[in-house]
Structure formats: structure tokens, C-alpha cells
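Undergrad: Provide a 3D model corresponding to the input given below.
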Amino acid sequence: MKVYQDLSMDYFKASLYDIYNGRTRKKFTDNGSQKDGNLWKNSVAVLHEYPVILSTTFSLNTIFSDSPLYDYVILDEASQVDLATGGLALSCAKNAVIVGDLKQLPNVVTNEDRVESDQIFSNYNLPEAYRYSDHSLLQLVKEVFPDVASTLLREHYRCHPKIIEFCNKKFYNDELIVLSKNDSIEENPLSVITTVPGNHMRWSVGHKNQRELDEVENILLNNPDGTEVWGVITPYRKQANELQRALKEEGYSADTVDKYQGREKDKIIFSTVDNQITKFSASPNRLNVAVSRAIHKFILVVNGNGENKRNNNISDLINYIKYNNFDISESKIYSIFDYLFEINRRERKKYLKGKPQESKFDSENLMYVLIEEILKEDRFSKFRVVPQYPLKMMIRDFDTLGLNARERKYAGNLNTKIDFLIENKMDKSPVLAIEVDGVTFHSENTAQFERDKLKNHILEICGIKLQRFPTDGSREKEKLIKLLEENLILDSKK
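TA: Below you'll find the predicted structure:
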């Protein structure tokens, strides 16, 4: 095979040499005159000089004013080409080569387009193959022209053999010929990390799983291979946006599986998001694309709710990884608020038994116990915690703070309180304000969220550090200890 490849490339280069040797290629511009080489008006001259044109399916017939016919139009990733833009591209072709994989993801159809498409089908008697909402260009061609010459590209060169072996067995009936080299130093080309059991994905904020976000950040923090090496993917747009926001400063890229089709990275992290895997996230097309984006390493981050015991494509992947003795590990990322999950109800009652109950909310009681435990350390003996501290008592002079009328009213209300204030025992000076934020109650576009912004600004003006702990977060103990250590360092420099 390698010999044929080399001979073909040599022949191709020799042909190019015969055409272009010893001459300067003419340049064309969008705003040039007819004589000087206007790109828009000189299709014959342009195509003679540049016989291969790269374009989107949407733009191909608008590159030149006379919309010429091309000898061959090659449409790549045709499973993601919709019928409308695919038709535009085919209108320019004398011959067409349709390249795609029905085992991968089809194009995304919006609800608006789906309704419009279905309306057309209800009004006209059209063959089902032309239904825009359910067919990609590749599907259309396969159904309308079932006898057209078809070739399966069986050779696979990209992924680590053990990575593509899963796809080959699961989705391709062992029809692929794996020719990629096993030269990776990875001992575990596939691995699984299970988060602590619990409903970490909160429906109230969309398909977002903060615990898996934290896990992804932890993986990247402990594997500084460079931003170009890693790719992070997820089935859901909400999670992808949150990942991109969290990783943007470090330069990593995150996106949905659908958007990653056609791309590759040396190492891929797949955040599944769901508390219990759904048909959407475990669809065969989506999982096939997700796994095969990885060249050397694929890491599956999944909820620890016993997914390997279920019957779906994700569980098959986990069992494949387990069968090959690759790494399956439990996450070391915990939260004091994990006790709030229903599955931990007994453990929560046991943990809180005999401890002060300063609030009607167990989330705040859990935080209070944690703070008290930390402050028992000798190095933090100068601090004490006061629960439900009125914000008004922290402001000595309202007139000098420059608060607006709304902020003055809010701060002056005795019911406006800080969940916990850590202060210096000696002079009662505030050290750290702590708020416990229930995910749903404090989510964006709520009245409480607006009140939170008022409190944030007032404390900032007062020069008091505020730390918010959302109940879907993690590592509260480590974060709180770090904040107190920073305060001790500042005090030592005074």
C-alpha cells in the first residue's frame, strides 16, 4: 500500500511540474479589472490557472459570475450537508463524488426549519428521501440512487488501534482495516473517570454538570501537555459553552460533539453531562464521532451512578475499557454539599447529628460545620465564625460609601444578612464573608440573583472579601483554607 501511495504522489508532483515549471502563476483579485485579473469575471482563466477550488457547499455557485460547471465536485462530510446547500453544490457539477459516513452525525436541523419542512411535505406529494428535516445529502443519494457506484473507505490511519477498535466492533461490524501505528507511549489509550454519585446535572440551569466541569479542569491542570494537544467535547451546547468559558484563558478548545466532527486532537476528554445517560448523548452516531476524534488518548468523564450496569452505548464503551484492563478510576473531587443528594440522606443525618443547627437549610448547616472544623486548626485560632451576620452592622458610615438609593435600602434592611462572617477574635474586624448559594434559587434572571449583585457590590465598596459557594461546586474545604492562609500572609506583611 505504501509503495502505491508513494508512486501516486510522485506521478502527481511530476504532472504539476510539467504544468507550472518555469512560469509565474497569474493572480486574480475581487476588485481587479477584466484585463488585470478580476476573479469574479474570469472563471475560465482562473480555473485554468487554479484547477482545484475550495469552497463551502453554499458558496460554490457564487464564486464566479457565470457559475461554471466543474468536471468534478467532491463533497466531503456529506452526512452533515443539508439538502438545500447540497443541491446548490450539485448544480455546479458535471460529476460528483459524495464522501461521508452514515455512522457519523447528520446535519443539525433547527426546530423552525423542521416545522417548515414538514409543512411542505404535508402540502405536496414528495418522496420521503427529499424530506429536509430527516435526510442529509448523503442519505438522499443512498436512497434515490441505491445502485450508484459506492466504495467503503476501509483503511483507518488516525486513531490508536485500541481506540478505533471499539468503533470498529461497535459500529462498523469489524469492516475497518486498522493501519494506524501503535507508537503511542500511552499506557491507557482509553480511560474512564467516574464522578461521585449524585445528580450533578441540574435541570434548572440546563444541561450543565459543574462537577464534570471541575473534573475536566483538574485533568488539564495535571496534564500540562499544551493547548493544541487536548480537545474537550460534550453532547450539549450549555456544557460546551461553560467549558469554553472556564478553559478560554488557558487556551483550550471545547465544543459539542457535532461541531467537532471532521476534527481531531491527540487527546480528547468527553464530558457526558447526564445524571443517567440518555438516548441523545449515547446515540451511536454521536458516540462514534466522539471516540474517533482522539488520536492517542480518549478520556470518558461520566457520572458515578452505576452507568456501566445499564444497557446503552456508553455502558458498552465502559465495559470495553474495563475488558482491556485500561484505567477506570473514581474522581477525587468531592463537595461538602454531596451530602444533600437523596442517596446520601442517611449519611447527611449522621454527619449533622449532634452538631449545631444554625439554619433551616442543611446546605448552610453543612457549611457551618465545615468552617468550624477548619477554624479548630491552631494556625486559624485567631478567627471565629458568626452565622447570619446583618449586613447593616458591617457598615459604619452609609454616607461615605457612595451607595445609591436601592443599595442603601437593601443594606439597611435588618433581614439582609451574610450567611457566615469570619472575623478576627481580637478586634472583630471582618476577614471573609461567605455565602451559600442554592443553584436554582440563585440562578441568573431571578430576583435573588439581582439581590446577590447588590450584596456583592456593597461588600466590594466596604473592602470585605466575599466568597460564594454554590451547592453544585466542589472542594470547599481546600478553597476556604487557601483564603484563610492568604489572609494570614497579608497580616504578616503589615
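
Undergrad: For the helix or strand harbouring residue 219, which helices and strands make contact with it?
TA: Counting by DSSP states H and E, the element that carries residue 219 is helix 210-221. When contacts are defined as 3 or more C-beta pairs under 8 Å, 6 or more residues apart in numbering; DSSP states H and E, helix 210-221 packs onto helix 237-247, strand 265-271, strand 294-302. No exception for glycine: its C-beta is placed from N, CA and C like everyone else's.

Undergrad: and the next element down the chain from it?
TA: By DSSP H and E, the next helix or strand past helix 210-221 is strand 230-234.

Undergrad: Partner strands of that following strand and their direction?
TA: Strand 230-234 has the following strand partners under DSSP bridges: strand 253-256 (parallel), strand 265-271 (parallel).

Undergrad: Export these as CSV, with columns for mean neighbour count and mean pLDDT.
TA: Formatted as CSV, the strands paired with strand 230-234 follow (neighbours: other C-beta atoms under 10 Å; pLDDT from 0 to 100):
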stretch, mean neighbour count, mean pLDDT
strand 253-256, 20, 94
strand 265-271, 24, 96
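
Undergrad: if we can go back for a sec, and the direction of the helix holding residue 219 versus that of strand 265-271, what angle?
TA: Orientation of helix 210-221 against strand 265-271 (axes from the mean of the first three to the mean of the last three C-alpha atoms, to 10 degrees) gives an angle of 160 degrees.

Undergrad: still on that earlier bit, using TSV, lay out the helices and strands packed on helix 210-221 together with distance to residue 41.
TA: Putting the helices and strands packed on helix 210-221 into TSV (distance: least, C-beta to C-beta, whole Å) gives the following:
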stretch	distance to residue 41
helix 237-247	42
strand 265-271	42
strand 294-302	44
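
Undergrad: Out of these, which gets nearest to residue 204?
TA: helix 237-247 (11.7 Å; C-beta to C-beta).

Undergrad: The closest one packs against which elements?
TA: Using 3+ C-beta pairs under 8 Å, 6+ apart: helix 237-247 touches helix 210-221, strand 230-234, strand 253-256.

Undergrad: Now the second one: average pLDDT?
TA: The average of the pLDDT scores along strand 230-234 is 96.

Undergrad: Tell me which residues are up against that strand.
TA: With contact meaning C-beta atoms under 8 Å, 6 or more residues apart in numbering, strand 230-234 is reached by 216, 220, 223, 240, 243, 247, 252-257, 260, 263-273, 290, 293-294.

Undergrad: again with the longest one
TA: For helix 210-221, the surrounding residues in contact (C-beta under 8 Å, 6+ apart) are 193, 195-196, 198, 200, 202, 230, 232, 239, 242-243, 246-247, 250, 252, 269, 271-273, 299, 301, 303, 331, 333, 335, 470, 472-475.

Undergrad: Go through the helices and strands packed on helix 237-247 and pick out the most buried.
TA: strand 230-234 (a mean of 26; mean count of other C-beta atoms under 10 Å).

Undergrad: thinking in terms of the whole chain, how far from its middle is that one?
TA: 6 Å (C-alpha atoms, centre = their mean, to the nearest Å).

Undergrad: any idea of the angle it forms with strand 294-302?
TA: Using the same axes, to 10 degrees: strand 230-234 against strand 294-302 is 40 degrees.

Undergrad: Report the inter-axis angle for strand 230-234 versus helix 237-247.
TA: Going by the same axes, to 10 degrees, strand 230-234 makes 150 degrees with helix 237-247.
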